[in-house]
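K.L.:
Could you look at this predicted model? Sequence included:
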Amino acid sequence: MSRPWIWGLCVVVALLLGVLGLGVGSTGWQSPWTMGGATSDPMAAEILWGIRAPRTVGAGLVGALLGLAGAVAQGLFRNPLAEPYLLGSSAGAGLCMAVLLTVGLPWMVAEGWWARVGLTGAAFVGALAGVGLTLLLARGAVHTMRLLLSGVVVGVVLGALTQLLMVWSGEAWRVMQAFMLGNTALLGWQACGVMALVLSVSLPVGLLLARVLDALSLGEDTARTLGVPLGLTRFALVAVMALATAAAVAQAGLVAFVGLVSPHLVRPWVGASHRQLLLGASLMGAVLLMAADVMARWLLAPQELPVGVLTAVLGGVYLLLVLHRRLP
């Protein structure tokens with residue numbers, strides 16, 4: 001049975017982290033109210049509203065998308081260790097970016113807005129293409145095990161091709177490092193708009209399909225008995241998972257463990273209903289990545305840690321503690 005106070009707690013924590021995100025920069029903590037006030041330096045106001053604000057909001061949106069995709073993945077595969085990158089989205093995004101960086105198209109190597117749009121678009125298209133290749137190899141979304149194994153194969157092969165391209169191009173490797181480690185530093189209002197649009201589509205569709213995930217948790221035979229069209233609904237769930245993951249990966253790179261850990265953190269509080277779990281995992285994902293973003297800026301200021309490194313370390317420690325507690 002769900003506990004309503006968990007929603008309010010997540011919202012309050014997210015708001016507090018939002019204030020911290022506005023105030024934490026390369027010089028440590030600065031009050032956001034004095035920076036953005038009417039008498040403040042215009043440059044300080046631009047730093048606050050043009051850099052820190054979209055970065056903080058963007059981190060929350062990336063976390064929400066990954067939390068949603070992780071909850072869908074764990075329900076779809078009936079595996080608590082499933083995560084959003086299982087179907088080859090991350091490998092496809094990485095390979096597409098590596099190809100464009102290695103080819104070195106003139107508008108890609110230029111600095112500024114065009115380069116950012118090009119790399120972001122490449123990552124998004126590559127992520128969807130990776131999932132499409134997985135579906136092609138699995139002959140659709142009818143068989144869960146075949147879909148899972150196809151995703152593993154696609155991830156390994158495309159990841160190997162990406163590494164091969166990185167060996168050929170040292171310049172591409174430097175750009176790809178930020179992508180592979182996860183990075184929220186370049187999130188802007190345009191990226192926030194794209195992710196908000198994707199979340200506004202994928203979350204309602206996921207909630208509509210929550211009963212399908214409830215039925216799948218009882219087994220495929222039971223789901224068929226209940227009249228669930230497994231092929232069509234699985235394809236729709238894969239589409240939600242792929243779209244949410246592709247949008248997050250395209251904007252922030254490979255942020256580890258958020259999609260895996262978020263459903264685990266809320267599951268004891270929201271019960272067995274996937275409708276509650278999808279919403280809770282999205283909120284928890286936003287909180288986790290906003291917290292990691294603040295820590296990445298604050299711990300070693302003025303230097304900055306890759307946010308994906310922090311989420312990997314903290315998520316790995318959490319899973320080890322859970323494993324230690326549950327094993328005899």
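P.N.:
On my side now, so go ahead. Residues are numbered from 1 along each chain as shown.
K.L.:
Helices of the stretch 1-150 of the chain, residue ranges please.
P.N.:
Using DSSP state H, counting those that start in this stretch, the helices of the stretch 1-150 of the chain run over 5-23, 32-35, 42-46, 53-76, 89-103, 106-109, 113-137, 144-168.
K.L.:
Now do the first one against helix 53-76, angle only.
P.N.:
If I follow you right, that is helix 5-23. 150 degrees (axes from the mean of the first three to the mean of the last three Cα atoms, to 10 degrees).
K.L.:
which strands and helices sit next to helix 5-23?
P.N.:
helix 32-35, helix 53-76, helix 258-270, helix 274-298 (3 or more Cβ pairs under 8 Å, 6 or more residues apart in numbering; DSSP states H and E). Glycine gets a C-beta too; all of them are placed from N, C-alpha and C.
K.L.:
between that helix and helix 258-270, how big is the angle?
P.N.:
140 degrees.
K.L.:
list the buried ones in helix 5-23?
P.N.:
6-7, 10, 13-14, 17-18, 20-23 (16 or more other Cβ atoms under 10 Å).
K.L.:
Looking at those, which has the smallest pLDDT value?
P.N.:
Within the set of these, pLDDT is lowest for residue 6 (75).
K.L.:
That one contacts residue 277, correct?
P.N.:
No - with contact defined as Cβ atoms under 8 Å, residue 6 does not count as touching residue 277 (11.4 Å).
K.L.:
between those two, what contacts are shared?
P.N.:
Contact with both residue 6 and residue 277 is made by residues 266, 270, according to Cβ atoms under 8 Å, 6 or more residues apart in numbering.
K.L.:
returning to what we had before: let me have the buried residues of helix 5-23 in a markdown table, extended by distance to residue 203.
P.N.:
What follows is these, written out as a markdown table (distance: Cβ to Cβ, whole Å):
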| residue | distance to residue 203 |
| --- | --- |
| 6 | 17 |
| 7 | 14 |
| 10 | 15 |
| 13 | 19 |
| 14 | 15 |
| 17 | 20 |
| 18 | 19 |
| 20 | 25 |
| 21 | 22 |
| 22 | 25 |
| 23 | 29 |
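K.L.:
hmm, which two among these are most spread apart?
P.N.:
Maximum pairwise distance among these (Cβ to Cβ): 26.4 Å, between 6 and 23.
K.L.:
By mean pLDDT, which helix or strand of this protein comes out lowest?
P.N.:
Ranked by mean pLDDT, DSSP states H and E, the weakest helix or strand in the chain is helix 106-109, scoring a mean of 45.
K.L.:
Report the secondary structure state of residue 228.
P.N.:
Under DSSP: H, G, I helix; E, B strand; the rest coil, residue 228 falls in the coil class.
K.L.:
Tell me, how many residues neighbour the closest residue to it other than its chain neighbours?
P.N.:
Of all residues not flanking residue 228 in the chain, residue 215 sits nearest, at 5.0 Å (Cβ to Cβ, 6 or more residues apart in numbering). Neighbour count for residue 215, taken as other Cβ atoms under 10 Å: 20.
K.L.:
repeat for the one 4 residues further on
P.N.:
Around residue 219 there are 11 other residues, counting by other Cβ under 10 Å.
K.L.:
What is the burial count for residue 56?
P.N.:
25.
K.L.:
residue contacts, the nearest residue to it once chain neighbours are set aside?
P.N.:
Leaving aside its sequence neighbours, residue 56 sits nearest to residue 21 (Cβ to Cβ, 6+ apart; 3.1 Å). Residues in contact with residue 21 (Cβ under 8 Å, 6+ apart) are 52-53, 55-56, 59, 290, 293-294.
K.L.:
Could you measure from residue 21 over to residue 154?
P.N.:
35 Å (Cβ to Cβ, to the nearest Å).
K.L.:
How about residue 102?
P.N.:
Relative to residue 154, and taking Cβ to Cβ, residue 102 is found at 20 Å.
K.L.:
between those two, which one's more packed in?
P.N.:
Remark: of residue 102 and residue 154, residue 154 carries more neighbours, 26 against 17, as counted by other Cβ under 10 Å.
K.L.:
can you tell me which residues contact the more buried one?
P.N.:
So residue 154 contacts 87-88, 91-92, 130, 133-134, 137 (Cβ under 8 Å, 6+ apart).
K.L.:
Filter the residues you listed down to the buried ones, ChimeraX style.
P.N.:
The following ChimeraX line selects those of these that are buried, judged by 16+ other Cβ under 10 Å:
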select :87,88,91,92,130,133,134
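K.L.:
Switch the contacts of residue 154 over to TSV; also include distance to residue 314.
P.N.:
As requested, those are exported to TSV (distance: Cβ to Cβ, whole Å):
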residue	distance to residue 314
87	25
88	26
91	24
92	27
130	26
133	32
134	29
137	34
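K.L.:
In terms of distance to residue 266, which of the contacts of residue 154 ranks first?
P.N.:
residue 87 (22.7 Å).
K.L.:
wait, the closest one sits on residue 133?
P.N.:
No - the pair residue 87 and residue 133 does not pass the contact test of Cβ under 8 Å, sitting 9.2 Å apart.
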